[in-house]
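>>> From the sequence below, what's the structure:
(chains A, B and C)
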Amino acid sequence: MARNDFPAGLVLDAHKAQALREPVVEVPPPRYVALALDQGSGSEAEPVVPVGASVRLGTIVARPSDPFAAVLHAPVSGRVAAIEVRETAAAGGLGRCMVIENDGGDTRDEALQPCLDYAATPPDELIARLREAGIAGLGGAAFPTATKLATARERDARRLLLNGAECEPWICCDDALMRSSAGDVVLGAKILMHALAAESCVIAIEDDKPEAIAAVGTAARDLGASVTVTAIPAVYPQGAERQLVTTIFGDEVPARGLPADIGVTCQNVSTAAAVARWARTGEPCTSRVVTVTGSGVARPRNVLARIGTPLSALIEAAGGYRGEPLRLITGGNMTGRAAPSDELGLTKAMNCVLAATFADLDARLVAQELPCIRCGDCATVCPAALLPQQLHRAALAGDAAGLLRFGIWDCIDCGCCDFVCPSQIPLAWRFREARRDLRAQEAAAEKAAAARERFERRERRLQDAAAAEQCVLDAVRQQARANAGTPATPPTDRAE
Amino acid sequence: MTELLLLALGASLVNNFVLTNFLGLCPFVGVSRRFEAAAGMALATLFVLTIASGLSYTLWHWVLQPLGLEYLRTIVFILLIAGVVQFTELMVRATSPLLHQVLGIFLPLITTNCAVLGVALLNVDRQHGLLESLVFGASAGAGFGLALLLFAALRERLETADVPAAFRGAPIALVTAGLMALAFMGFAGLGAR
Amino acid sequence: MSIEVVLVACAVAFALALALGLALGWAASRLTPATGRLVEQIDALLPQTQCGQCLYPGCRPYAAAIANGEADINRCPPGGEATVRALAALLDREAQPLDPQYGASKGAVVAWIDEERCIGCARCLPACPVDAIVGAARYTHTVISAQCTGCELCLPPCPVDCIVLRPAPAASWRASLHRAA
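Predicted coordinates for the structure are as follows:
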């Protein structure tokens, strides 16, 4: 049972039952895939194959330029048709994408190797191979698993926590995966435990998913893994990493810090399953389970689709549109983002495609926000125990000191305060803007400090040069005076 | 001891110099736009009030009364207060030049703060001894500081509140001050026997 | 009221004033104003371009002038409105708009040398207050964009006018798309 009561958050209508009635179906690989070079984490990856190149399923097509993005593989075999700017789910709505035409053969790249004997593989090598396999966090952040594991090893974070909470409404892909592939989840746990030299693992699942809890529990027993399945109360945002760590282990993750700082590594259950699939078959991160749901699709369900599949193909697999949805959202109704169109390609970060109507979103489309009435509902529901009322005032006043004092960097952007505000103040959006402005201010201040240092160093350099010149001049003058005093040397010598 | 406590209570809350006696309103409204500035001003005024109270009593008891120069008290007290304020300004400038910049003209204006002269003259009127004068001065300063800090905190909130255009700035501040004065009326009768 | 009483009264007042004056004079000599810290606090808010558009030879002299009350806080175009507001918040003054007499805010710009036209005269090298230009006599020069503060001091010395100002490179092409929109 849960160790701590979750003190805040919201109990929301789940809207998951309908999608879970249908079994997970595999979407046939589409005629072309649009691989976004920015999959949701880090900066855009750099393509390593040119336009026109022939690729196989699993060929590495792009490499990240920083450790916060993952390696990208071709999800189908075929030809690279274009590398161009298209609509993506990134902020701004546009991003560079690699378009690969599917030749229908699904030919595997020969370089792909499984890792059946993971227990004998040294952890560093295992992590390096996971990096090459492009495994990224499939819970929605797409953070490279290898980077997370490397950091965890650096900070000796030996407590492994698998996040099967899936607290956000509408999203149920993890639930479906746990029911159908519990064995992979547990195998993934074992592999990750080996990579971290962890002694134990906790798999946290919300208590509104009894089938998943049973399935994972059975798999754990069958595979003889030392994992504990813990049921936690179904409250949003119980599944947020920091909150989940506090619920299970009782320790708080420090502000602007990581769970690794307190010895915990948190991975999503789908990520663990992806690790297991790679170990079993050598398959890199080229497909995922997505929930396609909302009142705007005819048959909501979970589908297994290749990364890069256009969202329109996913909607087709869910029976096509029903009526005209208000928004097409990637993610859930609390933290999802509206997609510019259904031509986007699926990314590793997309756990849900929500064709939402007005009613689905509990939308309150109000033209104007009203003033704050100091009701305090926002503070009651904040899972990070912040005071959104004060943060809001500080954000309006541009008061950086106030924002920091009230913990703007502890805000997990869950949207609970926004949801309950009776004055319909767009709090989550305002805090996002405030964080963006703070980051810009910090960057400007750093740049100015660096410029000042260079300026002062230059001043010192010029002063030293002037002083050195002065020394030389003094020495020459002294020498000249000394020469004037001594018996005259032959003028010819002096002339030389 | 009880007498001193009651004296302190009276000077700081029951007969708060700003909100009940309406003295010292110039710095009250002038420095209360930012909380840090208000805190600096509150400390400076507390310092001035305590020192001026003590020194003015000393001067009254040992110079003015024996020489029969009671009628000079206003001028002499003002001279004294001006000196103490100038000393305070020197201290502030030496410890926190930023506070000195922020307070600006209001620091020397403590001289003309009627609360300071008021306390000195009231000490004479009520025939307080040295200890009582000091306690009265310090409590008056504490009460002034309390009112100033509360007002500054409220004004910072008012900056970002949705105030009608005609009321923005000084008008809503004065309305707030009036409401605070009403609230402090609740202390009336506290400590009475 | 006899003359002695008046004299005694005047004497007392005079003695008090003298005593206070002496005491204050002594205190003033012992308590030196620590303006250095204030200048540092103001300097920390300035953008450090060292461009001289405020008519002071650098950011620190301008900060000192603000601390002394000689200069107003709205003279810094590279800092823009943000710097004026930050200074107003620090010093509890009104945030005025930028004084157009000292130039207009151009946004984040960096200098760029057209290498086709650069003749390698090295006259721009000493002009840069942060040493952001790399080069030597008879070698082509180039500006290190990451360290250029956009102060424009390198433009006048160039005899062939090969230096222009360009918008500062954004973190990604997406940010420049945002800026254009």
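>>> what sits against the closest residue to C:T83 other than its chain neighbours?
Counting by CB to CB, 6 or more residues apart in numbering or on different chains, C:T83 lies nearest to C:C76, which is 5.3 Å off, once chain neighbours are set aside. Using the backbone N, CA and C atoms, a C-beta is placed for each residue, glycine as well. By CB atoms under 8 Å, 6 or more residues apart in numbering or on different chains, C:C76 lies in contact with C:46-47, C:53-54, C:62, C:83-84, C:98, C:102.
>>> same thing with A:Y321?
Per CB under 8 Å, 6+ apart, neighbours of A:Y321: A:296-298, A:315, A:355.
>>> Is chain C within reach of whichever helix in chain B runs longest?
Longest helix in chain B, counting residues (DSSP state H): helix B:130-159. No. Applying CB under 8 Å from any CB of the partner chain, one finds helix B:130-159 separated from chain C by no less than 11.2 Å.
>>> on that earlier part again, next step: the contacts of A:Y321 restricted to strands.
A:A355 (DSSP state E).
>>> Need the three-state assignment for the residue nearest to A:P47 when sequence neighbours are not counted.
In this structure, A:P47 finds its nearest non-sequential neighbour in A:A62, 4.9 Å apart by CB to CB, 6+ apart. Three-state assignment for A:A62 (DSSP: H, G, I helix; E, B strand; the rest coil): strand.
>>> Now for A:A62, how many residues are close by?
By the criterion of other CB atoms under 10 Å in any protein chain shown, A:A62 has 25 neighbours.
>>> Any figure for the gap between it and chain B?
46 Å (CB to the nearest CB, to the nearest Å).
>>> Am I right that C:L45 is in a helix?
No. Counting by three-state DSSP, C:L45 is located in no helix; its state is coil.
>>> center of the chain - which residue?
Looking at chain A here, since you left the chain open. Central residue of chain A (CA atoms, centre = their mean): A:A141, 2.4 Å from the mean position.
>>> sorry, should have said chain C
C:C59 (3.2 Å).
>>> Contact partners for the closest residue to that residue other than its chain neighbours?
Distance criterion CB to CB, 6+ apart; nearest residue to C:C59, sequence neighbours excluded, is C:L46 at 4.3 Å. Each residue near C:L46 by CB under 8 Å, 6+ apart is listed here: A:448, C:59, C:62-63, C:76, C:79, C:83.
>>> Which stretches in the stretch 301-450 of chain A count as strands?
A:301-306, A:327-330, A:337-338, A:352-356 (DSSP state E, counting those that start in this stretch).
>>> I'd like to know which elements the second one is packed against.
Meaning strand A:327-330. strand A:337-338, strand A:352-356 (3 or more CB pairs under 8 Å, 6 or more residues apart in numbering or on different chains; DSSP states H and E).
>>> which helices and strands sit right next to the first one?
What it means is strand A:337-338. strand A:327-330.
>>> Out of the strands of the stretch 301-450 of chain A, which is closest to B:P108?
strand A:337-338 (57.5 Å; CB to CB).
>>> got a list of what the residue nearest to B:C114 when sequence neighbours are not counted touches?
Closest residue to B:C114 apart from its sequence neighbours, by CB to CB, 6+ apart: B:L23 at 4.6 Å. Contacts for B:L23 (CB under 8 Å, 6+ apart) come out as B:17, B:113-115, B:118.
>>> How about C:G107?
C:80, C:167-168 are the contacts of C:G107 under CB under 8 Å, 6+ apart.
>>> hang on, the residue nearest to the centre of chain C packs against C:L45?
No. Applying CB atoms under 8 Å, one finds C:C59 not in contact with C:L45, separated by 9.6 Å.
>>> tell me the mean pLDDT over the host helix or strand of B:E89?
If you go by DSSP states H and E, B:E89 is part of helix B:73-95. For helix B:73-95, the mean pLDDT works out to 92.
>>> What lies in contact with that helix?
B:40, B:44, B:47-48, B:51-52, B:55-56, B:59-60, B:64, B:69, B:99-100, B:103, B:107-108, B:110-111, B:116-117, B:120-121, B:124, C:12-13, C:16-17, C:20, C:23-24, C:27-28, C:31-34.
>>> ditto for stretch B:62-72
Against stretch B:62-72 from outside (CB under 8 Å, 6+ apart): B:73, B:76, C:5, C:8-9, C:12-13.
>>> how close does B:A52 get to A:A298?
84 Å (CB to CB, to the nearest Å).
>>> okay, the two: which has more neighbours?
B:A52 (28 against 13).
>>> list the contacts for that one?
B:77, B:80-81, B:84, B:116, B:119-120, B:137.
>>> How is the chain partitioned into domains?
I'll assume chain A. Here the domain assignment for chain A is A:17-27+A:111-330, A:369-484, based on automatic domain parsing.
>>> other chain: chain C
Split by automatic domain parsing, chain C gives C:35-102, C:108-169.
>>> Residue numbers of chain C in contact with chain A?
C:43-44, C:46-50, C:58-59, C:82, C:85, C:129-132, C:147, C:149, C:172, C:174, C:177-178.
>>> which residues touch A:L10?
A:235-236, A:381, A:416, A:419-420.
>>> what are the bridge partners for it, then?
A:L10 forms beta bridges with A:Y236, as assigned by DSSP bridges.
>>> try A:L72
Those that pair with A:L72 in a beta bridge, by DSSP bridges, are A:A62.
>>> So A:T230, which state does it fall into?
Quick answer, by three-state DSSP: A:T230 is strand.
>>> so what's it bridging to?
Under the criterion used (DSSP bridges), A:T230 bridges to A:A204.
>>> one step back: list only those of the contacts of C:L46 flagged as buried.
A:448, C:59, C:62-63, C:76, C:79, C:83 (16 or more other CB atoms under 10 Å in any protein chain shown).
>>> Sort out for me which of those are in helices.
A:448, C:59, C:62-63, C:83.
>>> among the residues you listed, which two are most distant?
Top of the distance list for these (CB to CB): A:A448 and C:Y62, 13.5 Å.
>>> contacting residues for C:E40?
C:A63.
>>> what's it sitting at in phi/psi?
phi -60, psi -40 (degrees, to the nearest 10).
>>> for A:L344, same thing?
phi -60, psi 150.
>>> my guess is it meets A:G93, correct?
No. Look at A:L344 against A:G93 with CB under 8 Å: they stay out of range, at 9.3 Å.
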